[in-house]
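>>> Predicted model and sequence follow; I will ask about them next.
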2 protein chains.
Amino acid sequence: MDADSSLQPRGTRKRRKMQRVTMMDVAKLAAVSPSTVSLYLRKPAAVSPAAGQEIARAISTLGYVPNLVAGGLAAASSKVVSIIVPSIRNAFFAETVSTLQSELATEGLQVLLGHSEYGEDQEEALVRTALSWAPAAVVLTGLSHSTETRKLLQASGVPVVEMWELGARPIDMAVGFSHPQVGASAARHLLSKNRRSLTFIGARMQEDHRAAKRASGFAETARAGEILSCEVINHPGAATVEAGSLLLNRALQQIPKLDGIACSNDLIALGALFECQRQGITVPDDIALVGFGDLDFSASCIPSLTTIRPSGDLIGKEVARLILSSIHGERPEGDARIIDTGHVLIERRST
Amino acid sequence: MDADSSLQPRGTRKRRKMQRVTMMDVAKLAAVSPSTVSLYLRKPAAVSPAAGQEIARAISTLGYVPNLVAGGLAAASSKVVSIIVPSIRNAFFAETVSTLQSELATEGLQVLLGHSEYGEDQEEALVRTALSWAPAAVVLTGLSHSTETRKLLQASGVPVVEMWELGARPIDMAVGFSHPQVGASAARHLLSKNRRSLTFIGARMQEDHRAAKRASGFAETARAGEILSCEVINHPGAATVEAGSLLLNRALQQIPKLDGIACSNDLIALGALFECQRQGITVPDDIALVGFGDLDFSASCIPSLTTIRPSGDLIGKEVARLILSSIHGERPEGDARIIDTGHVLIERRST
DNA sequence: ATGGCCCATCATAGCGCTACGATGATCCGC
DNA sequence: GCGGATCATCGTAGCGCTATGATGGGCCAT
């Protein structure tokens, strides 16, 4: 009846009991306690060399692979960094994510990736799932988030880095640059080339707030100069080369004597460049063109493209640095939590 | 002494005891057992509507967020899919990863991303860490992996999808296309345009085996045709527009009467195109140019680029489909485990 | 009525690891 | 030579959840 139930938990009660190699097995083989193995894995220096060697040997003979899920549960924090970008197809973010991944990998951190597609609600959903992984840090793009997103993150106590934008007060830490200032640099540059009928062409600016800020920074600075006109033209679709061609045509129609264009993205600039070529418009003689992003082709196209480089690479590096110091218990304070990576205008042949 | 130690575990023994909202709290508020809450979360239909409503209410009033780490540990499998690509900066993989992420997100799966940088050892290290997350599936790029990688994955029992290449026997499942055939298509196309002095220009082919296979497929088919010459030229660095320019110049030097070029990547093709323009070579009259990838700019450049589209998007979708059916217990068998997404040659103005 | 079935719900035993405090062993200074 | 500090190591209680089999109430066929 009940008597034997304590001996042999009736039926096939026991759980799957995988024959997975556990830390316990390693400990047994190395003739130390599991705690020592765990300690060795986390801080090898805290274990005596003799024990360390024994453990290392045991690990390799057994082919032990630590279970990070169990570790994450026990430590209440997993070795995962959740990164949320609008889209990884965008070369800017691809570059940042790539760098970030490499930097974090050196410390054994994994990257959990999510795409918000420029939607605050989607971002919120992603943050919610991200937090259920008890991540070591969360990285978001930009400073515009839903109230709920901010609340969730703040309540979680997890280090948060917002990247690619500076300006408003970040949730926790931020790495990026000022987009209005990028627009202003573009405008000043065109002004310095004596351009007087200007336009800023961009795509998806109803959702991409950063592009919109570049546009308004551009317009503001331009209008403060001696100009004939300055328009901002938006293409509701994605920022592609084709969109650039479309936008150039619209600009040509709307703006008389157009002689200076800033683009929200080098892809758009390239499209505009191609369209100029098609229409027999000479760049930079007839129209000067400034891009943004300094993408792969920008130095090689004809004419080579004057552009503003934001350095997605540097952003990735700095984000990684902030995350790593937070994890190592040196959580940056005050001004150290905001890093301005700036931007550089690279003058080439298109202006 | 010892008497009270059972009451109040001496000292501040107890663990952090976060006031995190747990499933237990939800259960209490909804007046059901934790198991029922868990059941409701996993299969809502298995719980009575009344209880379900009560639980839903409790979840929302408490703002409960399930702890996926704990869930993963208990279930011995986490809701994570590990994706390893050579580099996310490559637009091909960015597209696939993006699609894959979106498709998987609809089923509550997260993407853990890693970059192998075309290194088998790095890939192996990534696979190792990936497996310590007990992922729901692992996605690799290509069919070339270290023996150890194959062994690890096979032993793990986790569904594995290899993507972007077909040909050899996959570890488990594969979605992609034949790279030699892509090369062959390019060669046939140039042959059909009466080109007789051909070259295949590519970058990083010592590491990028897939590009190398496109090259050899090209060479083989070309040499079977009526041609004067066919060379393969490699640039050891990354596949960039600049590399394309460099490669064009080398081709021009090496090959007399060069009149047809296939490129391992549209970026390279674009670079070649720019360089032709610079040198006063007319495309396609003097030299016909075929690319690979159908990237953003390929339809818009001047002349528009004849290229071969592999559809990274479709690959992503199919990979997601295989993963989802594996997870739902309908693990594909036999031929259903290999999916050929093919390739399409898109003829434009450059040939 | 009565037995057997089914369905919704529950109690409990882990999943594999880490953090905490405890335990000896070793070492130092006076 | 002894008390206290230092160091490596250990025992164990959870971390929050899921899977498993048990439980009990309602329902149907007899």
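Perfect, I can see it now. All of these numbers come straight from a predicted model, not from anything done at the bench.
>>> Contact residues of the stretch 151-300 of chain A facing chain B?
Counting by Cβ under 8 Å from any Cβ of the partner chain, the stretch 151-300 of chain A comes close to chain B at A:240-242, A:244-245, A:267, A:270-271, A:274, A:277-278, A:296-297, A:299-300. For every residue, glycine as well, the C-beta is placed using N, CA and C.
>>> Sort out which of these are buried, if you could.
A:240-242, A:244-245, A:267, A:270-271, A:274, A:277, A:296-297, A:299-300 (16 or more other Cβ atoms under 10 Å in any protein chain shown).
>>> From the residues of the stretch 151-300 of chain A next to chain B, pick the one nearest DNA strand D.
DNA strand D has its nearest neighbour among those in residue A:240, at 41.4 Å by Cβ to the nearest atom of the strand.
>>> Report the contact partners of that closest one.
A:203, A:267, A:268, A:271, B:296 (Cβ atoms under 8 Å, 6 or more residues apart in numbering or on different chains).
>>> Where helices are concerned, which of these count?
A:267, A:268, A:271 (DSSP state H).
>>> can you count the residues close to the second one?
I take that to be residue A:268. 31 (other Cβ atoms under 10 Å in any protein chain shown).
>>> That one contacts residue A:237, correct?
No: the pair residue A:268 / residue A:237 is not scored as a contact, 11.0 Å apart, by Cβ atoms under 8 Å.
>>> joint contacts of the two?
Here residue A:268 and residue A:237 have A:203, A:243 as joint contacts, going by Cβ under 8 Å, 6+ apart.
>>> one step back: now for the buried ones among the residues of the stretch 151-300 of chain A next to chain B: which two are most distant?
A:242 and A:299 (21.8 Å; Cβ to Cβ).
>>> Which members of the buried ones among the residues of the stretch 151-300 of chain A next to chain B are positioned in strands?
Of those, none are assigned to strands by DSSP state E.
>>> which one of those sits closest to residue B:135?
Using Cβ to Cβ, these come closest to residue B:135 at residue A:296, 32.2 Å.
>>> contacting residues around the closest one?
When contacts are taken as Cβ under 8 Å, 6+ apart, residue A:296 is in contact with A:91, B:240, B:241, B:242, B:267.
>>> Keep only those of those residues that are in helices.
Reading helices off the contacts of residue A:296 with DSSP H, I get A:91, B:241, B:242, B:267.
>>> Those residues into JSON lines, with extra columns for distance to residue A:224 and pLDDT?
Listed next are those as JSON lines, based on distance: Cβ to Cβ, whole Å; pLDDT from 0 to 100:
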{"residue": "A:91", "distance to residue A:224": "32", "pLDDT": "93"}
{"residue": "B:241", "distance to residue A:224": "36", "pLDDT": "97"}
{"residue": "B:242", "distance to residue A:224": "37", "pLDDT": "96"}
{"residue": "B:267", "distance to residue A:224": "39", "pLDDT": "97"}
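>>> my guess is residue A:200 meets residue A:217, correct?
No: using Cβ under 8 Å, residue A:200 is not in contact with residue A:217; the gap is 9.2 Å.
>>> Pull up the overlap in contacts between these two.
By Cβ under 8 Å, 6+ apart, the residues touching both residue A:200 and residue A:217 are residue A:183.
>>> what comes into contact with the strand or helix carrying residue A:323?
Residue A:323 is part of helix A:312-327 when elements are defined by DSSP states H and E. Residues outside helix A:312-327 that contact it (Cβ under 8 Å, 6+ apart): A:81, A:91-100, A:103-104, A:107, A:109, A:136-137, A:139, A:159, A:161, A:163-164, A:173, A:175-176, A:331-332, A:337, A:339, A:341.
>>> which of the residues in it are buried?
A:312, A:314-320, A:322-324, A:326-327.
>>> before we move on, what about stretch A:127-137?
Buried residues in stretch A:127-137 (16+ other Cβ under 10 Å): A:127, A:129, A:130, A:131, A:132, A:133, A:134, A:135, A:136, A:137.
>>> sorry, back to before: nearest to residue B:195 among the contacts of residue A:296?
residue B:267 (21.9 Å).
>>> isn't that closest one right next to residue B:244, touching?
Yes: applying Cβ under 8 Å, one finds residue B:267 in contact with residue B:244, separated by 6.4 Å.
>>> and stretch A:132-145, anywhere near DNA strand C?
No: Stretch A:132-145 does not reach DNA strand C (Cβ under 7 Å from any atom of the strand); its nearest approach is 11.3 Å.
>>> for that stretch, how far is the first residue from the last?
With Cα to Cα, to the nearest Å as the measure, stretch A:132-145 spans 19 Å from end to end.
>>> what do you get for stretch A:102-112?
Start-to-end, stretch A:102-112 (Cα to Cα) is 13 Å.
>>> so does it get close to DNA strand C?
No: Stretch A:102-112 stays clear of DNA strand C (Cβ under 7 Å from any atom of the strand), getting no nearer than 10.6 Å.
>>> Can you give me the buried ones in that stretch?
Under 16+ other Cβ under 10 Å, the buried positions of stretch A:102-112 are A:102, A:103, A:104, A:105, A:109, A:110, A:111, A:112.
>>> coming back round to it: just the mean pLDDT for the helix holding residue A:323, thanks.
Regarding helix A:312-327, the rounded mean pLDDT is 95.
>>> For it, what is the distance to the chain centroid?
Distance of helix A:312-327 from its chain centroid, counting by Cα atoms, centre = their mean, to the nearest Å, is 10 Å.
>>> And for the very next helix or strand once past it, what's in contact with it?
Downstream of helix A:312-327, the first helix or strand assigned by DSSP H and E is strand A:338-340. With Cβ under 8 Å, 6+ apart as the test, strand A:338-340 has contacts from A:166, A:170, A:173, A:174, A:175, A:176, A:177, A:178, A:318, A:322.
>>> Which of those fall in helices?
A:318, A:322.
>>> Which members of the contacts of strand A:338-340 are positioned in strands?
Counting by DSSP E, the part of these found in strands is A:173, A:174, A:175, A:176.
>>> follow-up on the earlier one: would you check which pair of the contacts of strand A:338-340 lies furthest apart?
A:178 and A:322 (18.4 Å).
>>> thinking again about what came up before, neighbour count: residue A:200 and residue A:217, which is higher?
residue A:200 (31 against 22).
>>> just checking, next helix/strand downstream of whatever helix or strand that one lives in?
Secondary structure from DSSP H and E places residue A:200 in strand A:197-203. Next along the chain after strand A:197-203, taking DSSP H and E as the criterion, comes helix A:209-224.
>>> list the helices and strands that following helix packs on?
helix A:179-192, strand A:197-203, strand A:229-235 (3 or more Cβ pairs under 8 Å, 6 or more residues apart in numbering or on different chains; DSSP states H and E).
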